[in-house]
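> need a structure here:
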Amino acid sequence: MFVARRRFAIVALSSVLSAACAAGVTARQLVLADVAPHDGVARAHAMPVQGIDVSQWQGDIDWQKARAAGTQFAFIKATEGGDHLDPKFQQNWEEAKRARVPRGAYHMFYWCRAPREQALWFVLNVPFDPDALPAVLDLEWNHASRNCPNEAPSDVALEKVKIMLEAMEAHTGKRPIIYTNVAFHRDVLEGELKDYNFWLRSVAAEPQEVYGDRPWLFWQFTTTGYVPGIEGPVDRNAFNGSFADWRQVLPSPPPHR
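The predicted structure is shown next:
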């Protein structure tokens, strides 16, 4: 979701792979690595259920290879605002399912567009699929936007969020997951929306160190991950639970083929 430092991460990844090859280690042996690991999130790497989130920035993904390397779920960017469809969404959506990687779609909220317009855009572009994971509403301030850099008052932002969440649930039949970062959580979400599962970004510390007592289901712990089947850096995530817990989250058992 964050593309800053992408160039640095690509250079770092090349350095890691070059060093590995010099030592006689193949790229396939660097399974689910991190080109810029942070000590503060070391526990995330050992959590049993690992996943990724992807968009057009990951290019063409070999989903079979990513799954074989240990990718157990993926959140795929679908829409943003009321008129942007990620160019790789349909391809990723179909190929991830074909590779039997449980996946959900995410919408990035744009603060200068009416929530009902954004909801309609999501509905028009994200197919109803009972096998999918719950959809995700990505909530961050749009500071990088040239057209919509300003923040909204917290009460206004929260009202817009609720409208979008209700529309996403009506379309998918599942209660959405909320993705957020520290700044937006502090400004708008702290103490709010307790009936929703949260996916928290925290790349330098464990979630409880920066989000207090907010319960969470997913943890985005690095933006510089390495996963076989994906060229360049990718966001990596961990599920907050055991394999048995994960089976309870899946909409249905993966098909046997």
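
> quick one, strands of the chain?
Counting by DSSP state E, the segments of the chain that form strands are 33-34, 50-54, 73-80, 84-85, 103-108, 136-139, 177-180, 197-201, 218-226, 234-239.

> how about those, which one is nearest residue 210?
Among the strands of the chain, strand 197-201 comes nearest to residue 210, with 8.2 Å by Cβ to Cβ. In short, each C-beta sits where N, CA and C put it, glycine included.

> what strands line up against the closest one, and which way round?
Listed by DSSP bridges, the sheet partners of strand 197-201 and their directions read strand 177-180 (parallel), strand 218-226 (parallel).

> now it: average pLDDT?
Predicted confidence along strand 197-201 averages 98 (mean pLDDT).

> give the contact list for residue 180.
For residue 180, the contact set (Cβ atoms under 8 Å, 6 or more residues apart in numbering) comprises 138-140, 189, 198-201.

> repeat the analysis, applying 6 Å as the threshold.
Applying Cβ atoms under 6 Å, 6 or more residues apart in numbering, one finds that residue 180 lies in contact with 139, 189.

> ditto for residue 168
Residue 168 is in contact with 135, 176, counting by Cβ under 6 Å, 6+ apart.

> what pLDDT does it get?
Here, the pLDDT recorded for residue 168 equals 98.

> where does pLDDT dip in this structure?
Within the chain, the ranges that satisfy pLDDT under 70 run 1-30, 252-257.

> once you drop chain neighbours, what's closest to the residue nearest to the spatial centre of it?
Nearest to the mean C-alpha position of the chain, by Cα atoms, centre = their mean, lies residue 53 at 3.7 Å. Spatial nearest neighbour of residue 53, excluding adjacent residues (Cβ to Cβ, 6 or more residues apart in numbering): residue 75 at 4.2 Å.

> beta-bridge partners for the one you found, please?
As assigned using DSSP bridges, the partners bridged with residue 75 are residue 53, residue 104.

> with the one 4 residues further on instead?
Residues in a beta bridge with residue 79, per DSSP bridges, are residue 85, residue 107.

> now the helix ranked longest in the chain and strand 103-108, what's the angle there?
In the chain, ranked by residue count with DSSP state H as the criterion, the top helix is helix 154-172. Following axes from the mean of the first three to the mean of the last three Cα atoms, to 10 degrees, one obtains 150 degrees for the angle between helix 154-172 and strand 103-108.

> if we can go back for a sec, same list, the strands paired with strand 197-201, but as CSV with distance to residue 162 please.
Below are the strands paired with strand 197-201 laid out as CSV (distance: least, Cβ to Cβ, whole Å):
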stretch, distance to residue 162
strand 177-180, 11
strand 218-226, 21
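
> out of the ones you listed, the one nearest residue 93 is which?
Smallest distance to residue 93 across the strands paired with strand 197-201 (Cβ to Cβ): 16.8 Å, for strand 177-180.

> on that earlier part again, now the residue nearest to the centre of the chain: how far from residue 77?
In this structure, residue 53 and residue 77 are 7 Å apart, going by Cβ to Cβ, to the nearest Å.

> repeat that for residue 93.
In this view, residue 93 and residue 77 are 10 Å apart by Cβ to Cβ.

> swap in residue 175?
When distances are taken as Cβ to Cβ, residue 175 and residue 77 turn out to be 20 Å apart.
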